[in-house]
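[1] The sequence and its predicted three-dimensional model are supplied below.
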Amino acid sequence: MIKPLFFIALFFFSAPGSAESLQITEAWIKNLPMVVPMRAGYMNITNNGSSKIAIESLASESFEKIEIHQSIEIDGMMSMQPIPGLAVLPGESIQLEPGGYHLMMMNPLQDLKLGDKIIVTLRFDNQTTQTIIMIVRK
C-alpha cells in the first residue's frame with residue numbers, strides 16, 4: 001500500500017519544469033566516417049508543461065563531449081557558435097536542425113554505423129535528467 005501512495009505523491013509534487021514535461025522526437029545523429037572528429041545531432045523538443053525547461057548540458061558514453069550550437073550568419077558568413085543552454089518555454093517546440101540549433105557531438109569513442117542507437121543524457125537547470133536514444137542515420 002505504501003508504493004501506490006509514493007507514486008501518487010511523486011506525480012503531484014514533481015518539480016516544476018521537470019523532464020517529464022519534455023517530449024523529444026526524431027532524435028538522430030548524422031553518420032560520418034570515424035576519421036571525422038565531429039558529428040551533428042538533431043531532434044524536435046516540445047515542452048508540454050506549464051514551466052520553462054532549460055537544458056544545461058548533454059553527455060553520452062559514446063562521445064567525449066556534446067555541446068549545443070547555433071548556426072548564425074556574421075557578415076555574410078555562416079558560423080557555428082556554442083550556446084550555454086537551451087530554454088524551452090511552456091507550449092513551445094524547438095527543432096534542432098541543419099542551419100539552426102544543433103548538437104555538436106565531439107570525438108566519438110566508438111565506430112558508429114547506420115542504425116546504431118546512442119544513449120544521450122540531458123541535464124536540466126533544476127538538476128533533473130532525461131535519457132534519450134539517438135539513431136545514427138544518413
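    Perfect, I can see it now. Note that the coordinates shown come from a computational prediction; the quantities given were computed from them, not determined experimentally.
[2] This protein: helices as residue ranges?
    Along the chain, the segments classed as helices by DSSP state H run 2-12.
[3] just checking, what's the longest strand in the protein?
    Taking DSSP state E as the criterion, the chain has its longest strand at strand 63-74.
[4] Show me what that one is packed up against.
    strand 53-59, strand 77-83, strand 101-108 (3 or more C-beta pairs under 8 Å, 6 or more residues apart in numbering; DSSP states H and E). Where C-beta positions appear, they are placed from N, C-alpha and C, glycine not excepted.
[5] any idea how far that strand is from the chain center?
    12 Å (C-alpha atoms, centre = their mean, to the nearest Å).
[6] Grab the most central residue of this protein for me.
    Geometric centre of the chain, nearest residue: residue 122, 5.6 Å, by C-alpha atoms, centre = their mean.
[7] List the contacts of that residue.
    By C-beta atoms under 8 Å, 6 or more residues apart in numbering, the contact set of residue 122 is 19, 22, 24, 55, 57-58, 129-132.
[8] Return the closest of those with respect to residue 91.
    residue 22 (12.1 Å; C-beta to C-beta).
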